[in-house]
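> Structure, please.
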Amino acid sequence: MSQQFSSLGINKALQSSLADLQITVPTDIQEKAIPAILNKTEDIVAIAKTGTGKTAAFGLPLLQLVDTVNTNIQVVILAPTRELGQQIFKNLQDFNAQSLQVSIAGVFGGIPIKPQIERLKETTHIVIATPGRLADLIERNAINVTKIIYFVLDEADEMVSAHKEGVDAIIKSLPKARRTLLFTATMPGTIKQLVQNSLSKKVLTIEADMTTVGHQGIDHQYVVVEPIEKLNVLMHFLNANDGQRGIIFCKTKAAVNKLAKNLAKNKFSSGALHGSLSQGIRDRIMNQFRAGHINILVATDLAARGIDVKDLAFVVNYHLPDTYDAYVHRSGRTARAGAKGLALSVIQQEEVQDIPEFEDELGITFKEYKKADAQSIEENNGLLWAKRIFKMKPNREVSEEFKGKIKTIFHHLTKEELVDKILANYIAETKTITEKPDVVKKKKKK
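Modelled structure (predicted):
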């Protein structure tokens with residue numbers, strides 16, 4: 001089966017690595033980009049959605065093109081986030097056959113710079129970096145990028161929106177006689193300007209089939225809610241998909257924190273991820289998510305870059321993104337590697353008019369998700385209440401005497417009777433809480 005990669009020009013050493021990784025069939029972007037990188041000389045702009053195998057599309061041919069006799073850094077790969085950079089680094093290390101003797105280094109922000117400086121003193125052929133850390137290393141004269149041959153911008157659309165100044169500064173330090181490979185999911189005006197200003201006049205544009213592996217399996221749906229019921233509808237959805245893994249996107253860090261606290265309060269297996277968290281916390285959350293110790297990640301757009309987890313069942317837009325590009329990146333987190341996935345947008349009535357615009361711009365079709373009725377929501381909240389009680393740790397500070405008195409009150413009840421009474425109390429208290437606003441209104445009228 002690896003003969004298909006052979007037909008693209010990939011050598012036997014890399015074919016063997018791919019076989020070990022059980023990668024046998026090239027994706028559309030790989031079929032188009034690999035021969036172009038190996039056999040042509042033009043700068044390349046490759047447009048492909050997330051989850052389509054972009055890392056292998058540029059990583060495999062670059063590993064093959066490196067001249068290990070040359071001890072200079074020959075390839076610089078730039079990624080917008082540390083998480084994505086680490087993912088690229090891991091993938092290239094996995095592809096890298098021992099017989100090739102290609103030396104790869106990763107230099108990212110959020111971790112001490114001194115060990116990275118020491119690492120770069122050794123022979124290094126490929127450097128994978130985030131913009132801020134690479135710019136810092138260049139300023140310290142700790143890295144020599146003046147003799148590179150290939151410059152890769154991955155997730156370029158996100159790069160220029162979040163790190164434009166850093167990218168511009170890095171490009172000024174690179175040799176003009178280089179080859180630039182730009183990979184992006186979308187082509188906003190900022191990318192077109194970057195192509196015009198920083199790439200050669202003759203550019204080869206490659207566009208992957210939009211129905212390629214990774215996106216044909218996404219089921220796009222939306223559910224219309226009132227603001228007051230938004231959290232309850234989300235929790236009903238999460239309970240209905242208990243055990244499934246997914247990412248919930250919010251627009252702001254504050255919204256991520258608020259939603260994550262509500263989910264934690266209701267005992268959902270979840271964690272928060274955004275740029276203001278320390279790198280140590282972000283790493284811990286990501287490791288827990290990748291290892292399956294938590295099922296739900298609440299994240300901002302940029303923080304979720306680099307999350308390449310193959311078994312994500314769903315993505316939820318808790319806030320509809322402001323741009324079509326953001327929707328592409330969000331939905332691309334699910335249905336990876338040929339799997340199926342759901343992209344659910346939780347919207348308000350005034351946002352329904354935006355749905356046809358997303359459909360027309362992105363060439364997708366939305367279906368309306370059937371919202372749970374009031375009774376189902378109430379029952380779901382009751383189940384969450386029961387789970388909170390079940391997972392609550394006993395209070396060891398309660399005296400045995402007081403505990404004995406409580407037991408005396410309940411000792412004659414069967415388990416079923418006790419559950420009935422606790423549930424009746426919960427329903428009565430819940431009803432009182434929901435009725436209070438009306439009581440207040442009536443008093444004001446008087």
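> so is the residue lying closest to R178 once chain neighbours are set aside in a helix, a strand, or just coil?
Distances taken as CB to CB, 6 or more residues apart in numbering place F151 nearest to R178, at 5.3 Å, with adjacent residues excluded. Any C-beta I mention is one placed from the backbone N, CA and C, and that applies to glycine too. Of the three states, F151 takes strand according to DSSP: H, G, I helix; E, B strand; the rest coil.
> give me every residue that touches F151.
Going by CB atoms under 8 Å, 6 or more residues apart in numbering, F151 touches 75-76, 78, 171, 174, 178-181.
> Run through the bridge partners of it.
Assessed by DSSP bridges, F151 has beta-bridge partners V76, T180.
> Y222 too?
S345, E368.
> what's the burial count for it?
Residues lying near Y222 (other CB atoms under 10 Å) number 21.
> same deal with E417?
11.
> Domain map for the chain?
By the record's domain assignment, the chain is partitioned as 3-207, 218-375, 395-445 (automatic domain parsing).
> Confidence-wise, which of those is weakest overall?
Ranked by mean pLDDT, those bottom out at domain 395-445, which scores a mean of 77.
> How far away from the center of its chain is that domain?
Centroid separation for domain 395-445 versus its chain: 42 Å, with CA atoms, centre = their mean, to the nearest Å.
> can you pull out the strands in the protein?
Here the chain has its strands, by DSSP state E, at 43-47, 75-78, 104-107, 126-129, 150-153, 179-184, 203-207, 218-224, 246-249, 270-273, 296-299, 314-317, 341-347, 366-368.
> As TSV, these with distance to R333 would be great.
TSV is the format used below for the strands of the chain (distance: least, CB to CB, whole Å):
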stretch	distance to R333
strand 43-47	18
strand 75-78	21
strand 104-107	22
strand 126-129	21
strand 150-153	20
strand 179-184	17
strand 203-207	21
strand 218-224	10
strand 246-249	5
strand 270-273	12
strand 296-299	9
strand 314-317	5
strand 341-347	8
strand 366-368	18
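> Out of those strands, which is closest to K405?
strand 270-273 (37.9 Å; CB to CB).
> In terms of secondary structure, what does the closest one contact?
helix 253-265, helix 279-290, strand 296-299 (3 or more CB pairs under 8 Å, 6 or more residues apart in numbering; DSSP states H and E).
> Ends of stretch 266-273, what's the gap?
18 Å (CA to CA, to the nearest Å).
> related to what we said a few turns ago, which one of the helices and strands packed on strand 270-273 has the most crowded surroundings?
When neighbours are counted by mean count of other CB atoms under 10 Å, the highest per-stretch mean among these falls to strand 296-299, a mean of 26.
> Please compute how far that one lies from its chain's middle.
With CA atoms, centre = their mean as the basis, the mean position of strand 296-299 lies at 9 Å from the chain mean.
> May I have that strand exported as CSV, CA atoms only?
Taking C-alpha atoms only, strand 296-299 is exported to CSV below (Å, rounded to 0.1, in the frame of the first residue of the first chain):
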residue,chain,number,x,y,z
ILE,A,296,-14.6,18.1,27.3
LEU,A,297,-12.3,21.0,26.5
VAL,A,298,-13.7,24.6,26.8
ALA,A,299,-11.4,26.8,24.7
